[in-house]
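> quick check, what structure comes out for this input:
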Amino acid sequence: MNAEHESSCAHDTHCITCSDAACAMRLLSVDESKASGICVDEAGQHSEVLLGLITSPAPGDLLLVHAGAALQRLGETPTELP
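Residues are numbered from 1 along each chain as shown. Have a look, this model is predicted:
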């Protein structure tokens with residue numbers, strides 16, 4: 001990799017593969033038949049999220065979500081999330 005390429009890769013705020021950023025989302029409901037659930041972000045936007053990487057997901061869980069998939073359960077609860 002040359003110096004020009006390195007300076008153009010600003011990957012400190014987003015995924016270098018897809019340019020998406022991970023965000024905290026609150027799990028509202030689980031659809032076990034599809035291994036997915038409905039989550040809400042701090043702006044109130046609802047999204048369907050894949051839950052296959054999370055052990056025993058339950059409504060109320062705070063999840064780190066990236067590219068439509070929950071990556072991990074978060075320990076602390078931001079007050080901005082419903």
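> for residue 29, phi and psi?
In this entry, residue 29 is assigned phi and psi values of phi -150, psi 160 (degrees, to the nearest 10).
> so which helix or strand takes in the closest residue to it other than its chain neighbours?
Closest residue in space to residue 29, ignoring its immediate chain neighbours: residue 38 at 4.8 Å, by CB to CB, 6 or more residues apart in numbering. The way it works is simple: take the backbone N, C-alpha and C, and place the C-beta from them, glycine included. Under DSSP states H and E, the secondary-structure element containing residue 38 is strand 36-40.
> next SSE downstream of that strand?
If you walk from strand 36-40 toward the C-terminus, the next helix or strand you reach (DSSP H and E) is strand 46-50.
> need the helices for the chain, in chain order.
According to DSSP state H, the chain carries its helices in the segments 3-8.
> tell me where it has strands.
Shown for the chain, the strands assigned by DSSP state E span residues 23-31, 36-40, 46-50, 62-66, 69-73.
> ok, back up a step: packing partners for the strand holding residue 38?
strand 23-31, strand 46-50 (3 or more CB pairs under 8 Å, 6 or more residues apart in numbering; DSSP states H and E).
> who does that strand pair up with?
Each strand that pairs with strand 36-40, with its direction, by DSSP bridges: strand 23-31 (antiparallel), strand 46-50 (antiparallel).
> and the residue nearest to residue 29, what does it touch?
For residue 38, the contacting residues are 27-29, 31, 46-49, by CB atoms under 8 Å, 6 or more residues apart in numbering.
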